[in-house]
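Trainee: what follows is a predicted structure for the sequence shown.
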Amino acid sequence: MADVPHDEDPGPARGTQPRALIVTIYGLYAREAGGWLSISALIKLMAVVGVDEQAVRSSISKLKRRGLLVAEKVDGSAGYALSERARTILVEGDRRIFERPRAAVDHGWLVAIFSVPETERERRHQLRSRLSWLGFGTVASGVWIAPAHVERQARDVLEADGLSAYVDLFRAEYVGFRPTREQVASWWDLVELEHMYEDFVGTYRSVVARWRRRRRADAAAAFADYVRVLTLWRRLPYLDPGLPSDLLPEDWRGSQAADIFFELHGRLAPVAHRHVEAVTGIQAGRIA
């Protein structure tokens, strides 16, 4: 699954907006069953993560207005399906969330230079938002930079959003004059990103320890913890461009945060899935 660009609430999991949790549930489970969930099943699933029915219905309405969900009945049951836009967004970032791409210094850089007419300010805002979401840092006004490994995704996203006409992409090598590590710290806000990773580690280090001690896995508890941890985690890979380790601060907490997430992913995902099956039932490729 992937993050919805600029999805609400990158903060601590227990304070996460209900609609961010709903996006996580749809991204994890609805796609494998045709992209649809009944409203009754969603309410039951959200109750396990501590969200009541009224909040679920309110959040669904907001996601519908944003064009991410569409109302649809299946076998007489009211529910919501992912829109085509939502499906595209979710597919775009699966690799970013569930893999750990990390550039090397000798891979070089991808530079995006753009110019948008003053009469198209909204497109300029959209372009900046998408470049940021793709992991680009800012060198100067209209000049953005990212590790070279994001090139294919950047091409796909900019073309799909109708933004490619405003952008030129270049492969580049940094040759001076200040140290590359110093420059990287000015192109990206690594201090803020480090704080976010520290918050993640502080929240989920004890959760990992608790699951290591468990002799029997409780499916509902696994589901609740997995949805929460993924909702908090899925924003971070979009803020972290996957910079070479040599250019990151010493004792970079992002590595520890990733270790925690992927351990929880391995421990919880299969057990959590059993809870979803028990609550929803999977019939003929649909969650009913």
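Mentor: Noted; the coordinates are in hand. Not measured: the values here are computed from a predicted model.
Trainee: the closest residue to residue 261 other than its chain neighbours: neighbour count?
Mentor: Nearest in space to residue 261, with sequence neighbours left out and distances taken as Cβ to Cβ, 6 or more residues apart in numbering, is residue 233 at 4.8 Å. To be clear about C-beta, it is placed using only N, CA and C from the backbone, and glycine gets the same treatment. By the criterion of other Cβ atoms under 10 Å, residue 233 has 24 neighbours.
Trainee: so the residue sitting furthest away from the middle of the chain, which of the three states?
Mentor: Most distant from the centre of the chain: residue 177, at 34.8 Å, with distances by Cα atoms, centre = their mean. The three-state label for residue 177, taken from DSSP: H, G, I helix; E, B strand; the rest coil, comes out as coil.
Trainee: do you know how far it is from residue 240?
Mentor: Summarising the geometry, the distance separating residue 177 from residue 240, computed by Cβ to Cβ, to the nearest Å, is 27 Å.
Trainee: show me the strands in the stretch 101-250 of the chain, by range?
Mentor: According to DSSP state E, counting those that start in this stretch, the stretch 101-250 of the chain carries its strands in the segments 109-114, 137-140, 143-147, 167-172.
Trainee: and the ones you listed as JSON lines, adding distance to residue 51, mean neighbour count and mean pLDDT?
Mentor: Output for these, formatted as JSON lines (distance: least, Cβ to Cβ, whole Å; neighbours: other Cβ atoms under 10 Å; pLDDT from 0 to 100):
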{"stretch": "strand 109-114", "distance to residue 51": "38", "mean neighbour count": "20", "mean pLDDT": "94"}
{"stretch": "strand 137-140", "distance to residue 51": "35", "mean neighbour count": "16", "mean pLDDT": "94"}
{"stretch": "strand 143-147", "distance to residue 51": "35", "mean neighbour count": "22", "mean pLDDT": "95"}
{"stretch": "strand 167-172", "distance to residue 51": "39", "mean neighbour count": "13", "mean pLDDT": "93"}
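Trainee: and those strands: which comes nearest residue 227?
Mentor: Minimum separation from residue 227 across those (Cβ to Cβ) falls at strand 143-147, 29.6 Å.
Trainee: can you list the strands that the closest one pairs with?
Mentor: Pairing partners of strand 143-147, with direction, according to DSSP bridges: strand 109-114 (antiparallel), strand 137-140 (antiparallel).
Trainee: got those as TSV, with distance to residue 167 columns?
Mentor: As requested, the strands paired with strand 143-147 are exported to TSV (distance: least, Cβ to Cβ, whole Å):
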stretch	distance to residue 167
strand 109-114	4
strand 137-140	14
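Trainee: including distance to residue 256, could the strands of the stretch 101-250 of the chain go into TSV?
Mentor: Compiled in TSV, the strands of the stretch 101-250 of the chain are given as follows (distance: least, Cβ to Cβ, whole Å):
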stretch	distance to residue 256
strand 109-114	26
strand 137-140	22
strand 143-147	21
strand 167-172	31
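Trainee: which of those strands sits closest to residue 278?
Mentor: strand 143-147 (41.9 Å).
Trainee: and that closest one, how far out from the chain middle?
Mentor: 20 Å (Cα atoms, centre = their mean, to the nearest Å).
Trainee: convert the C-alpha atoms of it to CSV, please.
Mentor: Presented in CSV, the C-alpha positions along strand 143-147 are these (Å, rounded to 0.1, in the frame of the first residue of the first chain):
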residue,chain,number,x,y,z
VAL,A,143,15.5,23.7,-8.4
TRP,A,144,14.9,20.4,-6.5
ILE,A,145,17.1,17.4,-6.0
ALA,A,146,16.6,13.7,-5.1
PRO,A,147,18.7,10.5,-5.1
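Trainee: circling back to that earlier point, out of the strands of the stretch 101-250 of the chain, flag the one nearest residue 100.
Mentor: Ranking the strands of the stretch 101-250 of the chain by their distance to residue 100 (criterion: Cβ to Cβ) puts strand 143-147 first, at 13.2 Å.
Trainee: and that closest one with strand 167-172, angle?
Mentor: 50 degrees (axes from the mean of the first three to the mean of the last three Cα atoms, to 10 degrees).
Trainee: show me the shaky parts of this structure.
Mentor: Per-residue confidence for the chain (pLDDT under 70) gives these ranges: 1-15, 282-288.
Trainee: in the longest helix seen in the chain, what's buried?
Mentor: Once the chain is assigned using DSSP state H, the helix that runs over the most residues is helix 253-280. By neighbour count, and taking 16 or more other Cβ atoms under 10 Å as the criterion, the buried residues in helix 253-280 are 253-254, 257-258, 260-261, 264-265, 267-268, 271-273, 275-276, 279-280.
Trainee: thank you, goodbye.
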